[in-house]
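**Student:** what follows is a predicted structure for the sequence shown.
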Amino acid sequence: MHITIIGTGYVGLVTGACFSEFGVFVTCIDKDKNKIESLKNGVIPFYEPGLEDLVKRNFKQGRLKFSTDIGEAVEESLVIFIAVGTPPRGDGSADLSYVDDVAKEIANHIKSYKVIVTKSTVPVGTGERIRKIISQHLKEEVDFDIVSNPEFLREGAAIEDFMRPNRVVIGAKSQQAVAIMKDLYRPLYLIETPFVITNIETAELIKYASNSFLATKVSFINEMANLCEKVGADVNVVAKGMGLDGRIGPKFLHAGPGFGGSCFPKDTKALLKIASDHNIELRIVGAAIKANENQIARTTEKIKNAFNAIKGKTIAILGLSFKPNTDDIREAPAISIIQSLLNADANIRAYDPVAMDNTKTVLPDITYCSDAYDACNGADAVVIVTEWNQFRNLEMERIKQLLKQPYFFDLRNIYDPQKMQALGFRYYSVGRRTL
Ligand code: NAD
């Protein structure tokens with residue numbers, strides 16, 4: 001089978017590479033010429049563990065192609081995936097202009113039956129919207145089907161998530177389209193991946209509901225952490241005690257500086273907007289968003305308040321990406337925290353294993369360091385914002401010697417409060433009272 005993926009970003013490239021690994025012939029399309037040229041030369045535009053090998057291997061074996069020519073790719077493909085961005089607009093709604101553009105372009109090039117699949121996260125009703133746009137712009141009478149196939153991969157573990165997903169959701173009206181999608185995903189059928197086959201609207205909503213639920217779990221435990229700090233409880237143990245209950249589960253109960261990334265912040269806001277457009281108030285999702293904004297602000301205040309005056313202080317920031325194993329800094333808590341500290345006239349020395357180049361585009365004037373120790377050199381405090389593995393076993397004596405003052409903010413609760421105090425640090429974590 002030949003397929004086309006339009007939009008070769010985090011989702012499009014992983015999807016294309018993984019399908020080609022399944023033996024499918026894939027053309028990845030992007031309007032960004034530089035990106036396509038780099039990919040042809042084996043340069044992966046972002047950091048994702050294992051992706052480079054997968055792309056290079058399948059490219060070499062001729063199953064994975066990169067192109068800016070949508071026409072040729074559409075013509076030879078039975079299935080066309082839309083994987084372009086759906087960034088937030090000012091009112092929280094998803095910006096569908098990229099999706100609309102792609103729908104028009106597809107319409108210009110279809111000459112035979114196609115299955116057009118949305119992988120982008122899109123509001124309920126977008127499948128119908130795409131159908132209308134394509135129908136209006138078709139050059140000749142051609143049959144096509146629309147499918148919603150939302151993507152649940154996690155950056156940093158994207159290949160494993162694609163190859164061994166918890167579930168595959170397929171929303172479609174036509175049985176023919178469902179059969180083609182099942183055929184495409186056959187390798188996952190063989191490993192007994194659960195398939196949820198439903199209508200397009202339900203599939204579209206499953207994606208938003210899932211992300212909003214996970215975001216709510218994070219905000220819930222963050223608010224518990226704030227209470228723990230006041231009453232002398234330990235949020236790690238609270239989370240463990242809760243998570244052992246099978247009805248609750250242990251995942252997404254890690255207190256921290258607040259959620260970020262390219263999905264949770266935008267998808268929660270988009271879901272609120274979808275609901276309000278239908279006169280439904282989603283109070284819980286709204287509260288999760290507010291709690292998150294509060295958590296990021298509260299974290300920054302915690303750092304500022306530890307000092308008599310933050311002005312002129314140098315703060316070492318460890319971790320810039322919104323989570324480990326990615327270079328994605330979209331809505332990363334580290335960026336908000338740094339901006340707020342800069343506004344208070346603090347100086348920043350930052351280090352991240354892979355996200356510094358991306359961060360330089362938004363924060364060009366902070367000092368970028370060669371490793372965690374370099375970042376701490378001469379700083380008044382160190383803040384672990386992202387829990388990269390290499391920050392999990394720092395040489396604490398060395399860190400203490402390098403710091404001007406032994407202030408240690410562990411926003412991911414990696415270290416043991418008693419041990420850190422015994423080492424002479426003024427140690428702050430999340431939801432564990434230590435001072
Ligand atoms: P991205 O910004 O990394 O990639 C989007 C790509 O689409 C870019 O390379 C852009 O140049 C290209 N593009 C835009 N308009 C185009 C056009 N007309 N023709 C060809 N290419 C075009 O975005 P992403 O993070 O991969 O997200 C894509 C979608 O998947 C979003 O809706 C997102 O919410 C959803 N999603 C993302 C993740 C994630 O972890 N990043 C996970 C699940 C779902």
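**Tutor:** Perfect, thanks for sending it.

**Student:** CA only for contacts and neighbour counts going forward, please
**Tutor:** Fine.

**Student:** for the stretch 301-435 of the chain, what spans make up the strands?
**Tutor:** 314-318, 347-351, 367-368, 381-384, 407-410, 426-428 (DSSP state E, counting those that start in this stretch).

**Student:** turn those into JSON lines, columns for mean neighbour count, mean pLDDT and distance to the ligand.
**Tutor:** JSON lines is the format used below for those (neighbours: other CA atoms under 10 Å; pLDDT from 0 to 100; distance: least, CA to the nearest ligand atom, whole Å):
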{"stretch": "strand 314-318", "mean neighbour count": "27", "mean pLDDT": "98", "distance to the ligand": "22"}
{"stretch": "strand 347-351", "mean neighbour count": "24", "mean pLDDT": "98", "distance to the ligand": "22"}
{"stretch": "strand 367-368", "mean neighbour count": "17", "mean pLDDT": "98", "distance to the ligand": "24"}
{"stretch": "strand 381-384", "mean neighbour count": "26", "mean pLDDT": "98", "distance to the ligand": "22"}
{"stretch": "strand 407-410", "mean neighbour count": "23", "mean pLDDT": "98", "distance to the ligand": "25"}
{"stretch": "strand 426-428", "mean neighbour count": "22", "mean pLDDT": "97", "distance to the ligand": "30"}
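
**Student:** for Pro417, which of the ones you listed is the nearest?
**Tutor:** Each of these was checked against Pro417 via CA to CA, and the shortest separation belongs to strand 426-428, namely 6.7 Å.

**Student:** tell me what that closest one is packed against?
**Tutor:** Packed against strand 426-428 by the contact rule (3 or more CA pairs under 8 Å, 6 or more residues apart in numbering; DSSP states H and E) you find strand 407-410, helix 417-422.

**Student:** contact residues of the stretch 101-250 of the chain facing the ligand?
**Tutor:** Within the stretch 101-250 of the chain, the residues that sit near the ligand (CA under 6 Å from any ligand atom) are Asp101, Val102, Ser120, Thr121, Glu151, Phe152, Leu153, Arg154, Glu155.

**Student:** gap between the third one and Arg186?
**Tutor:** Right, Ser120. When distance is defined by CA to CA, to the nearest Å, Ser120 is 21 Å away from Arg186.

**Student:** for the two, indicate the residue with more neighbours.
**Tutor:** Taking other CA atoms under 10 Å, Ser120 and Arg186 do not tie; Ser120 has more neighbours (23 against 14).

**Student:** so who does the more buried one touch?
**Tutor:** Under the criterion of CA atoms under 8 Å, 6 or more residues apart in numbering, the contact partners of Ser120 comprise Ile82, Ala83, Val84, Gly85, Thr86, Pro150, Glu151.

**Student:** what about these, which one has the most neighbours?
**Tutor:** Ranked by neighbour count (other CA under 10 Å), the contacts of Ser120 have Ala83 at the top, with 29 neighbours.

**Student:** enumerate every residue touching that residue.
**Tutor:** Ala83 touches Ile5, Ile6, Gly7, Thr8, Gly9, Val11, Gly12, Thr118, Lys119, Ser120, counting by CA under 8 Å, 6+ apart.

**Student:** can I get the residues you listed in TSV with pLDDT and secondary structure?
**Tutor:** Putting those into TSV (pLDDT from 0 to 100; DSSP: H, G, I helix; E, B strand; the rest coil) gives the following:
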residue	pLDDT	secondary structure
Ile5	98	strand
Ile6	98	strand
Gly7	98	coil
Thr8	98	coil
Gly9	97	coil
Val11	97	helix
Gly12	98	helix
Thr118	98	strand
Lys119	98	coil
Ser120	98	coil
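
**Student:** quick check, nearest of these to Leu411?
**Tutor:** Nearest to Leu411 among the contacts of Ala83, counting by CA to CA, is Val11 at 28.3 Å.

**Student:** so what's the closest one closest to, chain neighbours aside?
**Tutor:** On the basis of CA to CA, 6 or more residues apart in numbering, the spatially nearest residue to Val11 that is not a chain neighbour turns out to be Ala83, at 6.4 Å.

**Student:** distance of the one you found from Ala103?
**Tutor:** The gap separating Ala83 from Ala103 is 11 Å, by CA to CA.

**Student:** how about the helices and strands packed on strand 426-428, which one is nearest Ala316?
**Tutor:** If you check each of these against Ala316 by CA to CA, strand 407-410 wins as the nearest, at 9.6 Å.

**Student:** strand partners of that closest one, parallel vs antiparallel please.
**Tutor:** Strand 407-410 has these partner strands in its sheet, going by DSSP bridges: strand 381-384 (parallel), strand 426-428 (parallel).

**Student:** list the contacts of the host helix or strand of Asn34.
**Tutor:** Secondary-structure element containing Asn34, defined by DSSP states H and E: helix 33-40. The set of residues external to helix 33-40 that reach it, using CA under 8 Å, 6+ apart, is Ile29, Asp30, Ile44, Pro45, Lys65, Phe66, Ser67, Thr68.

**Student:** the same query, at a cut-off of 6 Å, please.
**Tutor:** Helix 33-40 is contacted from outside by Phe66, using CA atoms under 6 Å, 6 or more residues apart in numbering.

**Student:** and what of stretch 314-329?
**Tutor:** Counting contacts by CA under 6 Å, 6+ apart, the residues outside stretch 314-329 that touch it are 47-48, 156, 260-261, 332, 334, 346-352, 354-355, 375-376, 379-388.
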